[in-house]
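S.K.: using only what follows, build the 3D model:
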Amino acid sequence: MRPFVYHQPTRVLFGRGRLEQVGEIVAPYGRRCLLVTVPVNDVIGPLVQRVGTALAKSEVAWEHFAGVIANPTTDVVTAGSEMARAFSADVVLGVGGGSSMDTAKAIAVEAVHPGSSWDYLYFRDRQPTEKTLPIVAVSTTSGTGSHVTQVAVITNPAEKTKSAIYNPVVFPRSCIVDPELVLSAPPHLTASTGFDVFCHAFESYLHSNASPHTDMLALEAIQIVAKHLPAAVEDGSDVVVREKMAWADTLAGLAIANAGVTLPHGIGMTIGGQCPHVMHGEALAVVYPEFTRFTWEAATERFAAVGRIFNPKLGGKSDAFAAHACCDELDAFLRRIGMWLSFDSLDVSEADIVEIADKSRILPDYRNNPRIATREEIYEMLLRSRSR
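M.R.: Okay, the predicted model is just below:
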């Protein structure tokens, strides 16, 4: 075994009904809370009321920033930061999917540092400090793992670029994973976020920084997704299945917080920056069939292990056979959950594809792939993903 480090500072409160504890969880970190969500609708409205009641019961004053959008932008973060400063917030609570939690993290940075969140990306000389406001996260989807990671993904619309703050100070101090909050997620959102869980687990398993600890987390998450995601898509009211997927999401988030992601996430982030109407899970799904065929020979043993999870009949086959078959098994899984997508179906143009290929190696994720892709190889993968 090679040496490794595993670090996870987030306190995880997992289980049905945990939302009722949100006030007592937030209170030790601050008494003036900025609640961060998407705009109020039939689902989020009652949830905000429940959270507000719990905060008030714990004598926590709160203000509501309801400006989160999918693929949240620097402008959104700045608007939330201005509200946080005007309210003198001393804690930030992100409630929702990855967009809400990432926005909350970025607000916690920008509200107490000069400049904008974009000035504190992972590769900048300037990094967020311990002044960053404490963050609490409540996840309402099973997909992003943001409730247990040190990552805040944001988009700069002027540059059509998606990047991230990556720093230990944006780990949530505590998070709530309450499977009951995911029951209202519609089938396509369930499939898209659920496939993101698989990608986090699979890519951390393939990653050059993988360790025995992250391998254990990743393989358990993959087994859960393979078994339970189709059922969650088919019947989202099954709380037992939702519970399983919420746990898989948490496991995969813990894995990427300590290993990372590879080529598909670098491409997928670029797709989201160029084409913000494309969901993150959709961006991953559209490139995965080409990614697996590009990569499997460089990670035969690990592809074989995953192939056997999806099809136990591969257990008697050689690693080379099972690894190659893994590509077909994942294709079949994408079809089963309604995520067999093409760029044409996602309204991504040829000009967009050129831009995506040009920018996909800006993020360093491609370097962690078992086989490193050139710009031209990425472009060819994207072209083959135009129609299916």
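S.K.: is Ala210 in contact with Ala259, as I believe?
M.R.: Yes: taking CB atoms under 8 Å as the definition, Ala210 is a contact partner of Ala259 at 5.0 Å. C-betas here are computed from N, CA, C, even on glycine.
S.K.: overlap in contacts of those two?
M.R.: Listed as contacting both Ala210 and Ala259 by CB atoms under 8 Å, 6 or more residues apart in numbering are Ser204, Ala218.
S.K.: quick one: buried residues of stretch 340-348?
M.R.: Buried residues in stretch 340-348, counted by 16 or more other CB atoms under 10 Å: Trp340, Leu341, Phe343, Leu346, Val348.
S.K.: ignore the last one, stretch 17-26
M.R.: Arg18, Leu19, Gln21, Val22, Gly23, Ile25, Val26.
S.K.: so Ala137: helix, strand or coil?
M.R.: Classification of Ala137 by DSSP: H, G, I helix; E, B strand; the rest coil places it in strand.
S.K.: contacting residues for it?
M.R.: Taking CB under 8 Å, 6+ apart, one finds Leu93, Gly94, Val95, Met101, Ala104, Ser146, His147, Pro172, Ser174, Cys175, Ile176 in contact with Ala137.
S.K.: ok, and the most crowded of those?
M.R.: Using other CB atoms under 10 Å as the neighbour test, the contacts of Ala137 are led by Met101, with 36 neighbours.
S.K.: that one and Thr149, how far apart?
M.R.: Using CB to CB, to the nearest Å, we find Met101 at a distance of 9 Å from Thr149.
S.K.: then His228?
M.R.: 22 Å.
S.K.: who has more neighbours out of Ala210 and Ala259?
M.R.: Set Ala210 next to Ala259 and count neighbours by other CB under 10 Å: Ala259 wins out with 27 against 21.
S.K.: doesn't Ser204 make contact with that one?
M.R.: Yes: taking CB under 8 Å as the definition, Ala259 is a contact partner of Ser204 at 3.9 Å.
S.K.: quickly list what's touching both of these two.
M.R.: Here Ala259 and Ser204 have Ala210, Thr214, Ala218 as joint contacts, going by CB under 8 Å, 6+ apart.
S.K.: where does the first one land in three-state SS?
M.R.: Using three-state DSSP as the criterion, the local structure at Ala210 reads coil.
S.K.: equivalent analysis for the one 3 residues further on, please.
M.R.: Classification of His213 by three-state DSSP places it in helix.
S.K.: what about the closest residue to it other than its chain neighbours, which helix or strand?
M.R.: Nearest in space to His213, with sequence neighbours left out and distances taken as CB to CB, 6 or more residues apart in numbering, is Tyr6 at 4.7 Å. When elements are assigned from DSSP states H and E, Tyr6 belongs to no helix and no strand.
S.K.: can you tell me the centre-most residue of the protein?
M.R.: When CA atoms, centre = their mean is applied to the chain, the residue found nearest the centroid is Thr144 (2.5 Å).
S.K.: how much space separates the residue lying closest to that residue once chain neighbours are set aside from Thr73?
M.R.: In space, and not counting its chain neighbours, Thr144 is closest to Gly98: 2.9 Å by CB to CB, 6+ apart. Shown here: Gly98 relative to Thr73, a distance of 14 Å by CB to CB.
S.K.: from the chain's centre, how far out does whichever strand or helix holds Gly194 sit?
M.R.: According to DSSP H and E, Gly194 maps onto helix 187-206. Mean-position distance between helix 187-206 and its chain equals 8 Å (CA atoms, centre = their mean, to the nearest Å).
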